[in-house]
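[1] how would this look folded up:
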Amino acid sequence: MLSPASRSPRILLLVPLLLLLLLFSAASAWKKDEFRNCKQTPFCKRARGRKPHSVPSLSVADVSISDGTVAARLLPSQPLRQATAVDDPESDTVPPRPLLLRISVYQGGVLRLHIDEDTSAPRRRFQVPDALLPDLDDRRLWLSRLSSPASGSSSFYLADGFEAVLVHDPFEIQVRRKGLREPVVSLNSHGLFDFEQLRDKKNDGEDWEEQFRGHTDTRPHGPQSISFDVSFHGADFVYGIPEHASTSLALRPTSGPGIEYSEPYRLFNLDVFEYLHDSPFGLYGSIPFMLSHGARSSSGFFWVNAAEMQIDVLAPGWDDPAAPANGRIDTLWMSEAGVVDAFFFVGPKPKDVLRQYTGITGTPAMPQKFAVAYHQCRWNYRDEEDVASVDAGFDEHDIPYDVLWLDIEHTDGKRYFTWDRLLFPNPKEMQGKLAAKGRHMVTIVDPHIKRDDSFYLHKEATGRGYYVKDATGKDFDGWCWPGSSSYPDMLNPEIREWWAEKFSFQNYAGSTPSLYIWNDMNEPSVFNGPEISMPRDAIHYGDVEHRELHNAYGYYFHMATSNGLLKRGNGKDRPFVLSRAFFAGSQRYGAVWTGDNTADWDHLRASVPMILTLGLTGMTFSGADVGGFFGNPEPELLVRWYQLGAYYPFFRAHAHQDTRRREPWLFGEHSTALIREAVHVRYSLLPYYYTLFREASVSGIPVMRPLWLEFPADKETYNSGEAFMVGPSLLVQGIYEERQKSVSVYLPDGQSWYNLRNGVSYTGGVSHKLEVSEDSIPTFQRAGTIIPRKDRFRRSSTQMVNDPYTLVVALNGSFAAEGELYVDDGKSYDFEQGAYIHRRFIFADRKLTSVNVHPANLGGKFSSDCVIERIVLLGLPSGAKKAVIEPGNHEADVELGPLTLRGGSSPDAITVRKPNVRIADDWTLRIL
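    I've put the predicted structure just below:
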């Protein structure tokens, strides 16, 4: 052994090395310099440097009604200004052309504003195709007249109680309450509308190129940005515009008094390695939809634009520090390219805004039932033996799961649609063994195609000219997992159709009907590209620059993959596709997740606002990697993440290949038992979750909800990002600190709440300080609700299909409650023809009634022999003796029983045992 004296020089020599390693670790976690900030982004820098009403104003001319819409031209209303320090030096040398304005109104309180250049522009500006529902025009209202109550404006009908006003000079759009003339949402109230028009170079001396970290963006059509201000009147908070990480649900101000310096919220899909847990920096997806909420009403604004976008939330007093406006939130929207294609949503209730938004972008697809259960993933399960071992481990430890995932290492040299023949020689047999237990497999398929002349997919794409082109017209060649790679041009419908065909059983050798797909790296990620992505001057179908559609590339890839699985199943099998990148409308094609998070408590905390924000913007089928993708969670953090993740809409554990293995049974018997209990909670609630997914697919209302969505008048809920609702009935409070002993839980006003573990009742409208238990996180059922459960546990959800149900009836102060149950075959589209069971359970006057809410005009049929084996009654006064069930006049026992059937539950609740009424039937159960 070395003496202390002899060790000292070695220790001193190691210190610099250790510091270097620490610096490297920090740099690799967040390489800030690899990404542009606003000051390094000319269009953002220009727009952000402007003061209110400093932009030359536009006036509205030639207003008319054309084809049921308002049509007009926008013209300069004053002499052209001289260029300022923040403006593009070329922007004022050419007189602007008139802009064409069109306003349409749609059913349900939706206004659409469209502004574009006229036909004399050098080229057509890009407008995002296929993001909106194809039948949108069928719901357009036919405007027949304009009203001009005062000179200088035109007003027209928008919805009952609302009107739209087009102010002529200077140009402004107002959505307001009719009669009271109270504004709800307005655009250009602060005169910041600016539209950089396309133009041709007049001489070689004009330099439009931009440089960033050695990359050159040629910008062949010059600056083409658009910016404007949007004001939300009567708003206390604004939400939305994912994706960014934050511990705050509400969007914090990014500019104005009291804000020393902050970046705007950036919408630019990027592969961000180990992102910060609290930053306005853009991540993997972009949805330019913002909604506001206040005590009086809610409203929303959505800009259909797939170019890079930067959005400032302006602090009160930004326009006049001496007179800050109250009850109004101003925002500044800035985009590099595109057109103005914007939607205003009048609400007035928060759920109305969500219905209005999903009414134009689509409601979430109805998932298969297995997809709502638990998923086990890792980069990477090594081989078929590893897969079999993990699968057996779940059975051995009595932990159900439904899906096992394979990352990129399962392929032959990162060639997608292939298998490593040494590690996975029998993929069909491997999938068959999982399917025998009712389980499924997911494999990864990314958009980068290995440039290998022996790879059939590359040969086909090259031969057909299906790749995105670089600025010179050659196939774009970038670096990703396989090395040299090219990317299919998914903007082209023909190429999307070609891609979809690759998922057939014939083309995807080794695939089976129980195999589904994961789309990763589809921002798109290009390791040697600017900001780890594709150059903005790359060329797509129709001569569209990549800058114009960047944020929608992953959307089209997701769409093509989902359609491929749909074709594979002859239109009968619901696809499951997880995508990392997303855009408005992605909810129609599958699930998303929050990307490469980290195993720490801050990322656990940030997961809730991130998932809530995704749900508010249509993407309800979302979740975060349980345990954190990077790093090695301590057992306590992992257990807490499972306990919280069991309530995410998408419930998946995932980890980086450099982390230690973390299957649920590897952290000791005690931790295994706690994780098992968390997973069992999710499986018991699958009937409730599946019912909520059905509601989301019809109405657009998310499964996981911020408290204020259910309690819009309760101001205490407006910025609550640590607790959330699952549907209308469950409130969940996460535990976000190590060795936390107590937690304060605010239970919204209006009803009492029942602890889900022991049935104890708590008063609403106040905060409760509760002791923290290691075996669960605080979860409460709202009084007045009924939740369906299944309390028998199998290896997978598909093996629970015929198991009986439990109803948990939580009575309110009037001893009443309601709830619903939706059941279909869990996999096909037969439900669209009416093949489903939909029941409403109503408890009143000591009677529980099952009512059929299936529309009578739908002819499809679905049958089930499942029965209800237990009815748990919370809040019912003692003294109940028995239950009588009609029809049939048969009796069932009433006794004290456990709230759950899992081990350790004490007899805390009045329970009707074995009523054995069928879920498909009408019946009434009377408590005597």
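
[2] strands of the stretch 251-400 of the chain, residue ranges please.
    265-267, 289-293, 298-303, 309-314, 328-335, 340-345, 374-376 (DSSP state E, counting those that start in this stretch).

[3] same list (those strands) but as a markdown table, adding mean pLDDT, distance to residue 721 and mean neighbour count.
    The way it works is simple: take the backbone N, C-alpha and C, and place the C-beta from them, glycine included. Shown next, in a markdown table, are those (pLDDT from 0 to 100; distance: least, C-beta to C-beta, whole Å; neighbours: other C-beta atoms under 10 Å):
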| stretch | mean pLDDT | distance to residue 721 | mean neighbour count |
| --- | --- | --- | --- |
| strand 265-267 | 98 | 16 | 27 |
| strand 289-293 | 98 | 14 | 27 |
| strand 298-303 | 98 | 18 | 27 |
| strand 309-314 | 98 | 16 | 26 |
| strand 328-335 | 98 | 18 | 24 |
| strand 340-345 | 98 | 23 | 23 |
| strand 374-376 | 98 | 25 | 25 |
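
[4] would you format the ones you listed as CSV with distance to residue 696 included?
    Listed next are the strands of the stretch 251-400 of the chain as CSV, based on distance: least, C-beta to C-beta, whole Å:
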stretch, distance to residue 696
strand 265-267, 23
strand 289-293, 16
strand 298-303, 17
strand 309-314, 26
strand 328-335, 27
strand 340-345, 18
strand 374-376, 19
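
[5] closest one to residue 496 among these?
    strand 340-345 (21.7 Å; C-beta to C-beta).

[6] helices along the chain, start to end?
    4-29, 42-48, 350-361, 384-396, 427-435, 456-464, 493-501, 546-549, 553-568, 601-616, 635-645, 669-684, 686-699, 707-710 (DSSP state H).

[7] of these, give the one that comes closest to residue 867.
    helix 686-699 (13.2 Å).

[8] check which helices and strands the closest one is in contact with.
    If contacts are counted by 3 or more C-beta pairs under 8 Å, 6 or more residues apart in numbering; DSSP states H and E, helix 686-699 sits against helix 350-361, strand 723-726, strand 785-789, strand 817-823.

[9] out of the ones you listed, which is closest to residue 279?
    strand 723-726 (21.4 Å).

[10] pull up the pairing partners for the closest one, direction included.
    With DSSP bridges as the test, strand 723-726 is paired with strand 704-705 (antiparallel), strand 730-733 (antiparallel).

[11] please identify the most buried of those.
    Comparing these by mean neighbour count (mean count of other C-beta atoms under 10 Å), strand 704-705 comes out on top with a mean of 26.

[12] buried residues in the lengthiest strand in the chain?
    Longest strand of the chain, by residue count under DSSP state E: strand 907-918. Residues of strand 907-918 classed as buried: 908, 909, 910, 911, 912, 915, 917 (neighbour count, 16 or more other C-beta atoms under 10 Å).

[13] kindly indicate which of those residues lies nearest residue 516.
    Nearest to residue 516 among these: residue 917, at 35.5 Å, using C-beta to C-beta.

[14] ok, so of the buried residues of strand 907-918, who is nearest residue 141?
    residue 917 (46.6 Å).

[15] same list, the helices and strands packed on helix 686-699, but as TSV with mean neighbour count please.
    Formatted as TSV, the helices and strands packed on helix 686-699 follow (neighbours: other C-beta atoms under 10 Å):
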stretch	mean neighbour count
helix 350-361	23
strand 723-726	24
strand 785-789	24
strand 817-823	23
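
[16] closest one to residue 389 among those?
    strand 785-789 (31.5 Å).

[17] list the helices and strands the closest one packs on?
    Counting by 3+ C-beta pairs under 8 Å, 6+ apart, strand 785-789 packs on helix 686-699, strand 805-810, strand 817-823.

[18] between it and helix 669-684, how many degrees?
    On the basis of axes from the mean of the first three to the mean of the last three C-alpha atoms, to 10 degrees, strand 785-789 is oriented at 110 degrees to helix 669-684.

[19] mean confidence score for strand 785-789?
    Strand 785-789 shows an average pLDDT of 98 in the prediction.

[20] where does the stretch 251-400 of the chain have low pLDDT?
    Filtered on pLDDT under 70, the stretch 251-400 of the chain yields no residues whatsoever.

[21] report the distance from stretch 682-700 to the chain centre.
    Relative to the chain's own centre, stretch 682-700 is displaced by 16 Å; criterion: C-alpha atoms, centre = their mean, to the nearest Å.

[22] buried stuff in that stretch?
    Those would be 682-697, 700, for stretch 682-700 by 16+ other C-beta under 10 Å.

[23] related to what we said a few turns ago, TSV for the strands paired with strand 723-726, including distance to residue 124?
    Rendered in TSV, the data for those read as follows (distance: least, C-beta to C-beta, whole Å):
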stretch	distance to residue 124
strand 704-705	40
strand 730-733	49
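
[24] what about residue 906, how many residues nearby?
    11 (other C-beta atoms under 10 Å).

[25] residue 60 and residue 116, how far apart?
    Counting by C-beta to C-beta, to the nearest Å, the separation of residue 60 from residue 116 is 15 Å.

[26] those two: which is more packed in?
    Remark: of residue 60 and residue 116, residue 60 carries more neighbours, 23 against 18, as counted by other C-beta under 10 Å.

[27] got the contact list for residue 218?
    208, 209, 471, 537 (C-beta atoms under 8 Å, 6 or more residues apart in numbering).

[28] with adjacent residues omitted, what lies nearest to it?
    Nearest non-adjacent residue to residue 218, counting by C-beta to C-beta, 6 or more residues apart in numbering: residue 537, 4.7 Å away.

[29] surely the one you found meets residue 215?
    No - counting by C-beta atoms under 8 Å, residue 537 does not reach residue 215; the two are 10.0 Å apart.
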